[in-house]
Structures are given as structure tokens and as C-alpha cells.
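S.K.: sequence unknown, structure follows:
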């Protein structure tokens, strides 16, 4: 990504992140609602309407420069997934490490995809503590599916969460947490991972 494109992307990312860790997901949903032909491509008018409908005010001149920078093949459209990937906040490598640790723990079948069957093995106890499960409104599977849907690609949940989707979700969370130690502690506490100190390599005898 050239310097001009990076600067344009950073300006929009800053506005989206002001809406909190769910900002990226909310913007994705706004664009999904405009994709009535399921083309997964965004034309300029959709870019403008999507951003405005999400409550972000950017000048038309800025949006045209951004669109032109992303429309590398001059086709008049930009790929939705590539656009959201470009907006994804950058993360330090050690944050990615703990996110991958969490994913690896949940991925019981080791196929790089999380589904309800994986969740039943490692998250069943949490599911049974959910208020809707205890009230009888939801089954255990429905609780686990709800958890997966909350992390899945916005507007297109399929009951499966890939490693990239998991990483994208926590990139949004990471962007709202400045303290590296707190982020690491939060992830380890949430997913029952061992303390960071115990991850250190043992010294040779």
C-alpha cells in the first residue's frame, strides 16, 4: 500500500474506531445491507452511502480520492473484503500471538475453522451458564452458535469462524485497548489460557 493510500485509509479508520471495538463490524454491516446483488463489491455511491449511514461524515472529495486509490484496476468497484481488510487496525506481533493461542485452544479439530462441535468440547460449561440457556429459551447449541455469530463476518454468519475472521474481530477489540499487558491478560482470562510467564521456554539444563 503506497503512502497516499495508507494516509487516506488511516483517516477513515480513526473515525470508525471512535465508535468503539464494534466500529468495524458496524461499518461492515452497513455495507452488507447495500450489497443487494451479493456481488461483494462496492461502487462509489455505495461507499458514500454506507459511510454516511453509519454516521461518519467525510467530504466527497476525500471519499473520491480514497475510492480511486483502492480501485487499482479502474473497474469502478472495490472488493468488499479487501476494503475491510485494509481498514483493519494494525496490531503488534505479541497481540497476534495470544489471539492465535486462543484460536488454537478453541480449534479442537485443528482444521483452522471454529464450529459448534469445537465449542461443545471447550466452551460447554460457559454455554450452560448463559441466562437464555438457564431460562430454557435457548439450547446449548443455540448459545454456542450465538457466540460464533458474534465473531463471524458481519451480516454473513455461517456457523463457522476462520482464523482470519477471529483475528479480524480481535483487531477491533485491540484497537480500543492501549495497554499491551491488559490486552494479554484479558485474552488469557477470557479463554482460560495459561499465564504468559508459563509460556516462556525452559532454560536448557
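M.R.: Good, I have the coordinates. Owing to the predicted nature of the structure, the values given are computational and were not obtained by experimental measurement.
S.K.: so what secondary structure elements neighbour the helix or strand of the chain with the lowest mean pLDDT?
M.R.: Taking mean pLDDT, DSSP states H and E as the measure, the chain has helix 23-34 as its least confident helix or strand, at a mean of 80. Secondary-structure packing of helix 23-34 (3 or more Cβ pairs under 8 Å, 6 or more residues apart in numbering; DSSP states H and E): helix 3-17, helix 44-53, helix 80-87, helix 163-174. (C-beta placed from N, C-alpha, C; glycine too.)
S.K.: For the residue nearest the centre of the chain, report the pLDDT, please.
M.R.: For the chain, the residue whose C-alpha lies nearest the mean C-alpha position (Cα atoms, centre = their mean) is residue 169; its distance is 2.1 Å. We note a pLDDT of 87 for residue 169 in this prediction.
S.K.: Show the contacting residues for it.
M.R.: When contacts are counted by Cβ atoms under 8 Å, 6 or more residues apart in numbering, residue 169 is found next to 25, 151.
S.K.: And for residue 51?
M.R.: 12, 27, 30, 58, 63.
S.K.: now those as a markdown table including neighbour count and distance to residue 165?
M.R.: Written out in a markdown table, the entries for these read as follows (neighbours: other Cβ atoms under 10 Å; distance: Cβ to Cβ, whole Å):
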| residue | neighbour count | distance to residue 165 |
| --- | --- | --- |
| 12 | 20 | 21 |
| 27 | 25 | 16 |
| 30 | 20 | 18 |
| 58 | 16 | 27 |
| 63 | 17 | 27 |
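S.K.: which of the residues you listed lies closest to residue 182?
M.R.: Each of the contacts of residue 51 was checked against residue 182 using Cβ to Cβ; the closest is residue 27, at 25.2 Å.
S.K.: Please verify my assumption that the closest one contacts residue 16.
M.R.: Yes. Because the distance of 5.5 Å satisfies Cβ atoms under 8 Å, residue 27 is recorded as touching residue 16.
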